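Q: need a structure here:
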Amino acid sequence: MDQIFDVLIIGGGAAATSAVLTLKNRGKSCAVVSNREETSSLFKAEKITNYPGLPPMTGAEMTALFRRQAEEAGAVMITGRAISVMPMEGLFGVAVGSDYYMAKSLIIAAGITREKLYPGEAEYLGRGVSYCATCDGMLYRGKTVAVVGGGEEARHDADFLESIGCTVLRFEKNGRYEIRGGMKADTLVFAGEEHKVDCVFIIKDTVSVTKLVPGDCTGKPYQLAKAAGEGNVAALSACDYLAGK
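A: This next block holds a predicted model:
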C-alpha cells in the first residue's frame, strides 16, 4: 500500500479502538492491523457488565461495536497478523502476510498470549470457562465454581468469588486438567476425579508481548476500561511524537 499513515496500530481491542477515536479527533490518519475478531478472548466473553456507558452485552457484540466505531471514525482496517516491524528512515514498515504498510509512528496494543491450553478450555471459553472473575463472577453468584491457578491473582479471585456467594473449589496444583460439558462446561476433571461446577475460572500466568504500548500487554489488571484509557494516552503520546518530528 502506497499510503503512509500517521499512526499504525497493531491490535483490535479496546485500547486500539480508543486510540483510533483519539487520533481521528486530532486529525491523524491511522490504520488498524488485527487478526480475525473471532480469534480474540474478548469475542468469546460470555457477558460484559462493567464497561461504562454501555449496557451488558456479549463479547462478540462488543467486538463488533469496537470495529464499527473504528470504521466510522475513518480508520483503515487491515485483517491479518503483523509479522515484523522495521524502522526505515524515520518511518516504520510493518509486514502483514505478504503485504507491507508504512507509518510515521506505531502503537502496539496486541494483548497477551496465554500459556498452553487445557483440553476443553478453548472449546468452552465464554460457555462456562472464564479468565476473569471480576468480569464474569456476578453471572455465577450463589453457584459452584472452580478456580484453577496457584498464583496470588488466582487466590485473590477465589476470595472475591466467595465474597459474592459462590461455592469455590480451589485447584492450585500443577497437573492435567480437563474441562467437559455439553452446551456449556459443567465438569472439571483433575487427578482422575470429576467435579461438577457451573463455571471454571482459569487464572494462569500470561506472557507479555514484546514508548506506545497500551492495553493488556502492559500487564494486570486485564480490564477493558483500563485498556481504553491507556489507548487514549498512547494516541496522545503518538500525536506529541509526530509534532516533534
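Q: dihedrals phi and psi, the residue nearest to Pro56 when sequence neighbours are not counted?
A: Nearest non-adjacent residue to Pro56, counting by Cβ to Cβ, 6 or more residues apart in numbering: Thr49, 4.5 Å away. Every C-beta, even on glycine, is put in place using the N, C-alpha and C of the backbone. Torsion angles at Thr49 (phi, psi; degrees, to the nearest 10) stand at phi -120, psi 0.
Q: OK, contacts around Thr49?
A: Thr49 is in contact with Pro56, Cys135, Met138, counting by Cβ atoms under 8 Å, 6 or more residues apart in numbering.
Q: surely the last one and Cys166 touch.
A: To tie it back to what came earlier, the one meant is Met138. No: with contact defined as Cβ atoms under 8 Å, Met138 does not count as touching Cys166 (9.7 Å).
Q: looking at the two, which is more packed in?
A: Cys166 (24 against 16; other Cβ atoms under 10 Å).
Q: can you tell me how far the more buried one is from Asp159?
A: 10 Å (Cβ to Cβ, to the nearest Å).
Q: one more: Lys47?
A: 22 Å.
Q: between those two, which one's more packed in?
A: Lys47 (16 against 13).
Q: need the nearest residue in space to His52, chain neighbours excluded.
A: Rather than His, residue 52 is Pro. Here the residue nearest Pro52, using Cβ to Cβ, 6+ apart, is Ala225, at 6.4 Å.
Q: quick one, domains of the chain?
A: Following automatic domain parsing, one gets these domains for the chain: 4-113+206-243, 116-202.
Q: can you redo those as JSON lines with mean pLDDT?
A: Listed next are the domains of the chain as JSON lines, based on pLDDT from 0 to 100:
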{"stretch": "domain 4-113+206-243", "mean pLDDT": "84"}
{"stretch": "domain 116-202", "mean pLDDT": "91"}
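Q: convert the C-alpha atoms of the longest strand out of those in the chain to CSV, please.
A: For the chain, the strand reaching the highest residue count under DSSP state E is reported as strand 99-108. Extracted C-alpha coordinates of strand 99-108, given in CSV (Å, rounded to 0.1, in the frame of the first residue of the first chain):
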residue,chain,number,x,y,z
ASP,A,99,1.7,-7.0,2.3
TYR,A,100,3.7,-4.1,3.6
TYR,A,101,2.4,-0.9,5.3
MET,A,102,4.3,2.3,6.2
ALA,A,103,3.6,4.7,9.1
LYS,A,104,5.3,7.6,10.9
SER,A,105,4.5,6.1,14.3
LEU,A,106,3.4,2.9,15.8
ILE,A,107,1.1,1.9,18.7
ILE,A,108,1.3,-1.8,19.9
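Q: buried sites along it?
A: Neighbour-count burial for strand 99-108, counted by 16 or more other Cβ atoms under 10 Å, picks out Tyr101, Met102, Ala103, Lys104, Ser105, Leu106, Ile107, Ile108.
Q: try stretch 172-190
A: So stretch 172-190, judged by 16+ other Cβ under 10 Å, has buried residues Tyr177, Ile179, Gly181, Ala185, Asp186, Thr187, Leu188, Val189, Phe190.
Q: gap between that stretch and the chain center?
A: In this view, stretch 172-190 has its centroid 23 Å away from the chain centroid, taken as Cα atoms, centre = their mean, to the nearest Å.
Q: with stretch 95-108 instead?
A: 21 Å.
Q: just stretch 20-39 next, same as before
A: With Cα atoms, centre = their mean, you get 15 Å for stretch 20-39.
Q: ok, stretch 47-61 next?
A: 14 Å.
Q: equivalent analysis for stretch 179-196, please.
A: Centre to centre, stretch against its chain (Cα atoms, centre = their mean), the figure for stretch 179-196 is 25 Å.
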